[in-house]
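> got a structure for you, letters missing:
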């Protein structure tokens with residue numbers, strides 16, 4: 001039964017990815033991956049769908065949300081060339097790293113200050129500072145997050161990234177930004193790669209090119225950030241084990257084995273970046289990899305979207321909503337300041 005459920009869930013996720021692609025063709029302003037998350041969120045609210053998602057489809061949905069997401073992250077590395085990133089200049093690269101680090105730490109601190117449950121603070125911090133839902137999925141692996149802790153950050157980063165598509169282009173002219181500066185601002189402040197493309201392309205190819213290179217440089221920070229969190233988690237586990245269950249400071253942690261400092265799929269992501277940098281891959285190979293990566297991420301994000309329940313979110317998610325908006329405002333403000341002062 002589990003095998004049939006796995007196939008059925010994967011088939012539904014695949015069908016949803018095709019529908020999302022159709023919606024993107026009809027409404028090019030809506031990124032395919034955003035449409036996929038949206039479809040999952042809608043399906044998650046319908047009682048009949050909920051019963052299927054929590055029943056026969058659950059094994060396949062779980063595979064899509066975890067394994068396919070990780071394969072998609074590995075293939076995302078083929079979009080990154082260290083040569084293109086080096087072309088930005090060391091000052092810009094340092095600036096990008098600083099903005100990512102400041103936003104991550106500030107969001108994590110604010111999330112804990114607002115007493116968000118479970119691993120939500122660190123997942124929201126990763127999603128808003130690095131690369132949206134992909135970063136949330138990667139970080140959830142090393143923090144051993146529950147599905148309910150992952151659902152709210154996914155919803156928030158999707159909402160804010162979608163709003164950026166419509167809000168940032170309207171602000172370009174009042175802020176006096178050149179086309180290239182606008183692209184840099186978008187690359188620095190918008191979350192998912194698809195949302196960056198949808199936002200920057202409104203200002204033309206020059207803005208789009210600048211936005212994509214800057215954004216992919218942000219994506220590159222995913223590996224070291226995941227490694228740092230993995231190291232912290234392992235040390236926390238070791239301290240916890242040393243205290244023992246009878247100690248007053250002992251914290252009940254997941255029974256699963258300690259997470260690796262760098263998960264295997266992050267190693268694959270780094271390897272893909274190196275391959276793209278040193279091997280002259282044909283355009284046909286890159287195009288196929290891009291299609292496969294987009295399809296896998298669409299299936300994964302649909303699956304993640306189905307875990308979102310608006311009723312629960314309305315009851316418990318208002319604090320997370322405040323943290324998400326604050327994080328979005330912070331990274332947009334920092335990025336705009338950097339662009340204007342550059």
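Good, I have the coordinates. What you are looking at is a predicted structure, and each value in this text was computed from that prediction instead of being measured. Residues are numbered from 1 along each chain as shown.

> tell me which other helices or strands the helix or strand bottoming out on mean pLDDT in the chain touches.
Using mean pLDDT, DSSP states H and E, helix 310-316 stands out as the lowest-scoring helix or strand of the chain, at a mean of 71. The helices and strands touching helix 310-316, judged by 3 or more C-beta pairs under 8 Å, 6 or more residues apart in numbering; DSSP states H and E, are helix 147-172. For glycine as for every other residue, the C-beta is placed from the backbone atoms N, C-alpha and C.

> pull out the buried positions in the helix it packs on.
Of all the residues in helix 147-172, those buried under the rule 16 or more other C-beta atoms under 10 Å are 147, 149-162, 164-165, 168-169, 172.

> cool, and stretch 192-212?
By neighbour count on 16+ other C-beta under 10 Å, the buried set for stretch 192-212 is 192-203, 207-208, 210-212.

> now do stretch 46-54
Residues 49, 52-53 are the ones in stretch 46-54 that count as buried (16+ other C-beta under 10 Å).

> the closest residue to residue 300 other than its chain neighbours: what's it in contact with?
Nearest residue to residue 300 in three dimensions, chain neighbours excluded: residue 69, at 3.6 Å (C-beta to C-beta, 6 or more residues apart in numbering). Contacts were defined as C-beta atoms under 8 Å, 6 or more residues apart in numbering; by that measure residue 69 touches 134, 137, 296-297, 300-301, 304.

> so residue 69, which of the three states?
Secondary structure state of residue 69, per DSSP: H, G, I helix; E, B strand; the rest coil, is helix.

> and it, how far from residue 233?
Distance of residue 69 to residue 233, computed by C-beta to C-beta, to the nearest Å: 19 Å.

> neighbour-wise, which of the contacts of residue 69 leads?
Of all the contacts of residue 69, the most densely surrounded is residue 301 (37 neighbours; neighbours counted as other C-beta atoms under 10 Å).

> thought that residue was touching residue 133?
Yes. At 5.5 Å, residue 301 counts as touching residue 133 under the criterion of C-beta atoms under 8 Å.

> list the residues that are in contact with both of the two.
Common neighbours of residue 301 and residue 133 (C-beta under 8 Å, 6+ apart) are 33, 37, 154.

> just give me the closest of those residues to residue 291.
Distance to residue 291 across those (C-beta to C-beta) is lowest for residue 33, with 13.2 Å.

> from what I see, the closest one and residue 133 are in contact.
Yes. Counting by C-beta under 8 Å, residue 33 does reach residue 133; the two are 7.3 Å apart.

> so what sits against both of these two?
Contact criterion C-beta under 8 Å, 6+ apart; residues shared by residue 33 and residue 133: 192, 297, 301.

> closest to residue 108 among those residues?
Of all those, residue 108 sits closest to residue 192, with 20.0 Å by C-beta to C-beta.

> please report how far the residue nearest to residue 321 when sequence neighbours are not counted lies from residue 95.
With sequence-adjacent residues excluded and distances taken as C-beta to C-beta, 6+ apart, residue 321 is closest to residue 156, at 6.5 Å. Applying C-beta to C-beta, the value for residue 156 to residue 95 is 25 Å.

> return the member of the buried residues of stretch 46-54 nearest to residue 113.
Proximity of those to residue 113 (C-beta to C-beta) peaks at residue 53, which lies at 33.5 Å.

> how close does that closest one sit to residue 40?
Counting by C-beta to C-beta, the gap between residue 53 and residue 40 amounts to 9 Å.

> tell me, what's touching these two both at once?
Common contacts of residue 53 and residue 40 (C-beta under 8 Å, 6+ apart): residue 306.

> export the buried residues of stretch 46-54 as JSON lines, with columns for pLDDT.
Formatted as JSON lines, the buried residues of stretch 46-54 follow (pLDDT from 0 to 100):
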{"residue": "49", "pLDDT": "89"}
{"residue": "52", "pLDDT": "89"}
{"residue": "53", "pLDDT": "87"}
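
> which positions within stretch 11-19 qualify as buried?
Buried residues in stretch 11-19, counted by 16+ other C-beta under 10 Å: 12-14, 16-17.
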